[in-house]
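Peer 1: Okay, predicted coordinates and the sequence, questions at the end:
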Amino acid sequence: MDALVVSPLLQVVFDKLALVITRKSTTRGDYEKEMQKLQDRLPIIQAVIEDAEERQHGDKKIKIWLQKLKDVAYDAEDLLDMIHARVLSKQVLESDRFTYSPSYDTGILGKGKLLAEEFGELMNRKVRLASHVVESVPNYFINLRKLRDIRERLDDIAKEMGEFQLKEVLMSRLPETGNREGRETGPHIVESEVCGRKEDVEKVVKMLLESNTDLLAMSVAGNEFLTAGKTEQQGTLAQSHSLPKVCDFFTTTRHAFVDCNSSSSLIHKALYRAKGLRTLNLLSLGDASEKAIRNLISSFKYLRILNLSGFGIKILHKSVGDLTYLRYLDLSNTPIEKLPASICNLQLQTLDLSSCYNLQKLPKRTRIMTSLRHLKIKNCARLARLPGFIGRLRNLQSLPIFIAGKTREDGIFQLPELQNLRGELEIKHLENVERWHIPRTYVLSEDLPGTIHKSCLENMQLNSLGLSWGDADEHKLSGNMRGPRSQTGHHSVEIARILLHSTLKPNSRIKKLFVNGYPGTEFPNWMNAAALCNLIQLELANCTNCEILPTLGELPLLKVLRIQGMDSVVNIGKEFFGGMRAFPSLNEFSLKDFPKLETWSTNLVEAFTCLNKLTIINCPVLITMPWFPSLQHVEIRNCHPVMLRSVEQLRSISTLIIGNFPELLYIPKALIENNLPLLSLTISSCPKLRSLPANVGQLQNLKFLKIGWFQELHSLPHGLTNLTSLESLEIIECPNLVSLPEESLEGLSSLRSLSIENCHSLASLSSRMQHATALERLTIMYCSNLVSLPNGLQHLSALKSLSILSCTGLASLPEGLQFITTLQNLEIHDCPEVMELPAWVENLVSLRSLTISDCQNIKSLPEGLQRLRALQHLSIRGCPELEERCQRGNGVDWQKISHTPYIYVGSSTLQQRRDTASSSSTS
């Protein structure tokens, strides 16, 4: 039986009571008297609570006493939170004001419109304040009665404890409330499993009903069992739907983690009994109606944490504003388009809107949510601006995205007010900033003589900073797409220079820095070892007017450097490296899109001593690069062919990627000979390359080989048979490749994955494929001339997955396939000449997934399919006659597949376990 732990809850109540009293949350005498009595009574109980918790195991009366105390403590916390929330709300309404601040292009009409908006907002504020005062009169008497009731109950509990002769124990005090506020509070998922043995059901129910903990995790498995996990220390509990007495347990539940993948009425009925619920974490619901969410919200008015992440909701009902106690709201990964204005009435501390891809704006009055500590709006691609006066949220600690607007109320002028920001910050659309948006304090003295300069970011504890001109959402340095071009007008360039050189200079704590679209001609002087002594990762993108790269070689801790889109850089020389020992910690370096870069040289003996990975892409006139003593991963794409001469001098490469060389006629032999330990080799998009190097067979350590997009490649080298360590071979888009060498696959004893795609001239596979006995995955796609698979497939004793896609000439599956008892996945797509699924498919006893799509001539299923008891997933699409025969219930072939748990026929999904359970429960 679980022990009751009450002491931490009492400490929370004590701290909140002290907060209400010290902040003068109420000045009414009756309130103060009752609260003072509570404050006097709590320490007396706290002094003996530890002894009570120890003795509860041997004394049932003490345990009942503790439960009473816990119930009172919860009610007290609810009331104190209510009082404090109403006081905060009143203070916000009194202090909130709409500040007139015209944008730079506002004319007379525009000013008149803004003044009208200011007047309307002022009147709305007065109405809200008046309403608050009117509502507070009855609330005062209601809350006073509740306060007296709690105090009287606590008095009774204090009297009861005298008969237990509890000992006073000096308790270690929990951290103060102020220390806890800085910590993000979020739901912690308690995992549960399904317990399905019938003989355990009564035992499980007994455990569930006797346990006194208030943390519950529920999930539904096929609509047959309710799984409840109680505390992190306990095991999994399960309950059959036929035992509804479990529902009574839910009335004391405070925290629920619920998997709602079921329409089970029991789950909903039981859950709605938990009126005092504080944490509601709903998992895997998928699409949910507005009504369903509204019902949830209206049923649990004491919620502190509500997690709706991943729901298919587009609209959040305005009733969410009635959740007075709510502090954590997670709407991440939902298609929600806007938030109700009522959400601003809450004293939220965390609002998670991450990856809300349809979210277009935040409520206008977000500025009054002064309790917010975490406003997560990362990956909200359609969010074009922030609400006005975001700077009033001075408690904000997390704001990953700041969108610079065109007016003072939503522009960069708001940024200096957010000095508590920490962690990650990206400032976007800096092209919107006008000179008058920037406070004089944050401009270099050389630009404004007589001013004392400091940065907007000076006191922020940021470890990651992004500065973007233009829209960087569609462009990241890890991709190959060029980013947006920045503005180049003199006015824009001058403002950008002020921003980057002074206003937005990061402090020395910064570890990651990203600059995109900067239109200036030179980088700031602070990009040096003194100012960026802790920098680990730096990304510079699309700074198209800069002719010289900053001196980065002296940054002592820099490990990742990515530079892209430098259209004006012609030379990388000593100014980039700095001192005699350059880039001492650099591990990864990427150069992309340098159309004019001609030379890259250094005379330093010690440079790039730790460099492991080098990527050079779209540098068409660069013909040489420095020496890299420890380089292991090299990727060269769309560069001058002469660049490969520099690569062939390297001796330590384990991964080599060569691609997009339109004029390349051959791969230098030395490239292979000097790097025999090579583990991975990719060669692609070399249209004039007729063959692979003959010495490729010397790479006896090679594990991965990928070749693709070779228009002139007719055959593969015979040396492939020597690649005894090769585990994966991919051949893609080689339209003139006629066949695979007979002996090439014979020696590939370690090959586990073979993929052949878009080789339209390939008529057959090697008959010696049977020797690749380690093969686990075989994929053949878009090989229109392939008429058959080789005999001897039965020797592929390790094969687990076979996919045949769009092989329009293939007439049948090979007979030898029936003997591969290890096969788990079989997929056949767009093979119009395949007339049937052979009867011997029943021999594939390990088959778990079968997919048949766009094979119009397969019109029925074999009888033996019903004997495949391991089959879990069956998908039939684009086969009209077969789909008709597999219709649920009345289809001719339905009985052959009805045992399969998950069936997809056409556009419908039939999940058999749930349907079966549902029908059995109603019968």
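Peer 2: Arrived safely.

Peer 1: ranges for the helices of the stretch 451-600 of the chain?
Peer 2: 490-498, 574-577 (DSSP state H, counting those that start in this stretch).

Peer 1: Turn those helices into JSON lines, columns for distance to residue 564 and mean pLDDT.
Peer 2: C-beta coordinates here come from the backbone N, C-alpha and C atoms, glycine included. Converted to JSON lines, those look like this (distance: least, CB to CB, whole Å; pLDDT from 0 to 100):
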{"stretch": "helix 490-498", "distance to residue 564": "18", "mean pLDDT": "80"}
{"stretch": "helix 574-577", "distance to residue 564": "15", "mean pLDDT": "89"}
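
Peer 1: Compile the ones you listed into TSV and extend it with columns for mean neighbour count and distance to residue 392.
Peer 2: What follows is those, written out as TSV (neighbours: other CB atoms under 10 Å; distance: least, CB to CB, whole Å):
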stretch	mean neighbour count	distance to residue 392
helix 490-498	17	25
helix 574-577	18	43
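
Peer 1: Tell me which of those helices sits nearest to residue 425.
Peer 2: helix 490-498 (18.2 Å; CB to CB).

Peer 1: how far is the closest one from where the chain is centred?
Peer 2: The chain centroid and the centroid of helix 490-498 are separated by 36 Å under CA atoms, centre = their mean, to the nearest Å.

Peer 1: One more: stretch 398-405?
Peer 2: 18 Å.

Peer 1: Any chance you could give me that stretch in CSV, C-alpha atoms only?
Peer 2: Taking Å, rounded to 0.1, in the frame of the first residue of the first chain, the C-alpha atoms of stretch 398-405 are listed here in CSV:
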residue,chain,number,x,y,z
SER,A,398,12.2,31.9,-22.8
LEU,A,399,11.3,33.6,-26.1
PRO,A,400,13.0,31.7,-28.9
ILE,A,401,11.8,34.0,-31.6
PHE,A,402,11.5,37.8,-31.6
ILE,A,403,10.0,39.2,-34.8
ALA,A,404,11.0,42.9,-35.3
GLY,A,405,8.0,44.9,-36.4
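
Peer 1: Contacts for it, please.
Peer 2: For stretch 398-405, the surrounding residues in contact (CB atoms under 8 Å, 6 or more residues apart in numbering) are 184, 373-378, 380, 383-386, 390, 410-412, 415, 418, 421-430, 432-433, 437.

Peer 1: how many neighbours does residue 352 have?
Peer 2: By other CB atoms under 10 Å, the residues close to residue 352 number 23.

Peer 1: isn't it right up against residue 308?
Peer 2: No. Under the criterion of CB atoms under 8 Å, residue 352 makes no contact with residue 308, lying 9.8 Å away.

Peer 1: Could you tell me which residues touch both of those two?
Peer 2: 329-331.

Peer 1: out of these, which is most surrounded?
Peer 2: Going by other CB under 10 Å, residue 331 tops these with 25 neighbours.

Peer 1: Spit out the contact partners of that residue.
Peer 2: With the criterion set at CB under 8 Å, 6+ apart, residue 331 makes contact with 308-309, 311, 313, 316, 339, 351-353, 356.
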